[in-house]
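Engineer: I need the structure of the sequence given here:
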Amino acid sequence: MLLSRHLSKAGVRLAAAAVIGLSGLASASAQTKWDMPTPYGDSNFHTVNIAEFAKDVSDKTGGSLSIQIHSAGSLFKHPEIKNAVRKGLAPIGEVLVSRLSNEDPVFGVDSVPFVATSYDDAWKLYQASKPFLEKKLADQGLQLLFAVPWPPQGIYAKKDINTIDDLKGLKFRAYNASTERIAQLAGAVPTQVEVPDLPTAFSTGRVEAMITSPSTGANSKAWDYLDHYYDAQAWLPKNMVIVNKKAFDGLSDAEKVAVMDAAATAETRGWEASKAETAEKTQMLKDNGIAVAAPSEALQASLKEIGKTMVAEWQDSAGADGKAIIEAYSK
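Structural biologist: Modelled structure (predicted):
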């Protein structure tokens, strides 16, 4: 009888332990971890912003959703990230929007030069193009969370550039179709040069001018090989953070709200960080002896004419969507 009671109590304890164990397993299974590939290093302002985004998501969900960042292409290289997210190999990732312009011209709207030449204009262009970006992504099972611009692109040269004629005949660094077209329209000679080769190319005269951001100029120590920087704010290319729609739909309602709230905060914070990066790196150019100036009225007017030509060419390739975006932006 006594033995029977002991066995009965033991059974109750085992049953209780089993319930607690199952409860623990259920709790563990409710926790979701997302691996997130990004193209840039940990010190890059885009990656710093994403780290804050990941922390906000964890805080807002009480740890039920965590995001593990794999920076500097350590999980997937930049060209692979979008398809990795689309295929569900990674639920979330960051890419340069215009990198996808070969898929659809709509993705290249923020890299059409001399259209949006300030942060305010870049924001307006983003709002005009956002519904179209979202639709293109949705067609591939992707969802846009937020986008953050790089510093605006300016003109670097080894001499004064006061009018468009000063660019004629200069060997102009081209690194994609857009910069090659700018060189052609300006009467310059497009020359393919990658960032690591810039110091040697300028020093040997293989290239005499280029268009790039103050970040690239500062990081490559442009003061060692040229003298002038013109803050043309030619375009502000953006990075975007995208999520696999099935992965997002698999979250609880509360987690979805948390992710979207954290994304909205990251977008605002990222745009401000980009402005700070622009100011910091532009000042670094000045501090190291580069003459920094705004383009002259004559040069700016000519650059805008180049912009009009390239907008028309982009609209032709982008069709009805391109026309609708430019019309919305121009209102």
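Engineer: where along the stretch 151-300 of the chain do the helices fall?
Structural biologist: Along the stretch 151-300 of the chain, counting by DSSP state H, counting those that start in this stretch, helices occupy 177-186, 198-203, 214-219, 245-249, 253-287, 297-330.
Engineer: so which of those comes closest to Pro152?
Structural biologist: Comparing the helices of the stretch 151-300 of the chain by their distance to Pro152 (C-beta to C-beta), the top pick is helix 253-287, with 6.7 Å. For the C-beta atoms, the positions are set from N, CA and C on the backbone; glycine is no exception.
Engineer: List the buried residues for that closest one?
Structural biologist: Neighbour-count burial for helix 253-287 flags 255, 258-259, 262-263, 265-267, 269-271, 273-274, 277-278, 281-282, 284-285 (criterion: 16 or more other C-beta atoms under 10 Å).
Engineer: before we move on, what about stretch 57-75?
Structural biologist: 57-58, 60-61, 64-65, 67, 69, 71-73, 75.
Engineer: What is the end-to-end distance of it?
Structural biologist: Start to finish, the residues bounding stretch 57-75 are 21 Å apart (C-alpha to C-alpha, to the nearest Å).
Engineer: And for it, what's in contact with it?
Structural biologist: 30-42, 47, 50-51, 53-54, 76, 84, 90, 92, 251-252, 254-255, 258-259, 261-262 (C-beta atoms under 8 Å, 6 or more residues apart in numbering).
Engineer: can you rerun that using 7 Å?
Structural biologist: Residues from elsewhere that reach stretch 57-75 (C-beta atoms under 7 Å, 6 or more residues apart in numbering): 30-42, 47, 50-51, 54, 90, 92, 251, 255, 258-259, 261-262.
Engineer: which of the residues you listed are buried?
Structural biologist: 32, 34-40, 47, 50-51, 54, 90, 92, 251, 255, 258-259, 262.
Engineer: So which of these belong to strands?
Structural biologist: The members of the buried ones among the contacts of stretch 57-75 that map onto strands under DSSP state E are 32, 34-37, 92.
Engineer: Same list, the residues you listed, but as a markdown table with distance to Val195 please.
Structural biologist: Formatted as a markdown table, these follow (distance: C-beta to C-beta, whole Å):
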| residue | distance to Val195 |
| --- | --- |
| Thr32 | 38 |
| Trp34 | 31 |
| Asp35 | 28 |
| Met36 | 25 |
| Pro37 | 21 |
| Ile92 | 28 |
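Engineer: how is this structure carved up into domains?
Structural biologist: Listed domain ranges for the chain are 31-103+117-149+237-281, 154-234+289-330 (source: automatic domain parsing).
Engineer: Next, the angle strand 32-37 makes with the one helix or strand Asp59 maps to.
Structural biologist: In this assignment (DSSP states H and E), Asp59 forms part of helix 45-60. Angle, helix 45-60 to strand 32-37, by axes from the mean of the first three to the mean of the last three C-alpha atoms, to 10 degrees: 180 degrees.
Engineer: any idea of the angle helix 45-60 forms with helix 253-287?
Structural biologist: Relative orientation of helix 45-60 and helix 253-287, computed by the same axes, to 10 degrees: 150 degrees.
Engineer: State the mean pLDDT of helix 45-60.
Structural biologist: Averaged across helix 45-60, the pLDDT comes to 97.
Engineer: And stretch 295-313, by the same measure?
Structural biologist: For stretch 295-313, mean pLDDT rounds to 95.
Engineer: can you list contacts of that stretch?
Structural biologist: Residues outside stretch 295-313 that contact it (C-beta under 7 Å, 6+ apart) are 112-115, 161-164, 181-182, 185-186, 230, 232, 326.
Engineer: Can you pull the poorly scored residue ranges out of this protein?
Structural biologist: Applying pLDDT under 70 to the chain picks out residues 1-30.
Engineer: quick one: the residue nearest to the spatial centre of it from Leu137, how far?
Structural biologist: By C-alpha atoms, centre = their mean, the mean C-alpha position of the chain lies nearest to Asn239, the distance being 1.1 Å. Asn239 is 14 Å from Leu137, where distance means C-beta to C-beta, to the nearest Å.
Engineer: cool, and Asp224?
Structural biologist: Separation of Asp224 from Leu137 (C-beta to C-beta) stands at 41 Å.
Engineer: higher neighbour count, those two?
Structural biologist: It is Leu137, of Asp224 and Leu137, that has more neighbours when counted by other C-beta atoms under 10 Å, with 21 against 12.
Engineer: element containing that one?
Structural biologist: Taking DSSP H and E as the criterion, Leu137 maps to helix 119-138.
Engineer: Output that helix as PDB, restricted to C-alpha atoms.
Structural biologist: Output in PDB follows, covering the C-alpha atoms of helix 119-138 (Å, rounded to 0.1, in the frame of the first residue of the first chain):
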ATOM      1  CA  TYR A 119      18.500  64.700 -49.400                       C
ATOM      2  CA  ASP A 120      15.100  66.400 -49.500                       C
ATOM      3  CA  ASP A 121      14.700  65.600 -53.200                       C
ATOM      4  CA  ALA A 122      16.100  62.100 -52.700                       C
ATOM      5  CA  TRP A 123      13.400  61.500 -50.100                       C
ATOM      6  CA  LYS A 124      10.700  62.800 -52.400                       C
ATOM      7  CA  LEU A 125      12.000  60.600 -55.200                       C
ATOM      8  CA  TYR A 126      12.000  57.600 -52.800                       C
ATOM      9  CA  GLN A 127       8.300  58.300 -51.900                       C
ATOM     10  CA  ALA A 128       7.400  58.600 -55.600                       C
ATOM     11  CA  SER A 129       9.100  55.300 -56.500                       C
ATOM     12  CA  LYS A 130       8.400  53.300 -53.400                       C
ATOM     13  CA  PRO A 131       5.000  51.800 -54.400                       C
ATOM     14  CA  PHE A 132       6.600  50.600 -57.700                       C
ATOM     15  CA  LEU A 133       9.600  49.100 -55.800                       C
ATOM     16  CA  GLU A 134       7.300  47.400 -53.400                       C
ATOM     17  CA  LYS A 135       5.300  45.900 -56.300                       C
ATOM     18  CA  LYS A 136       8.400  44.600 -58.100                       C
ATOM     19  CA  LEU A 137       9.600  43.000 -54.900                       C
ATOM     20  CA  ALA A 138       6.200  41.500 -54.000                       C
END
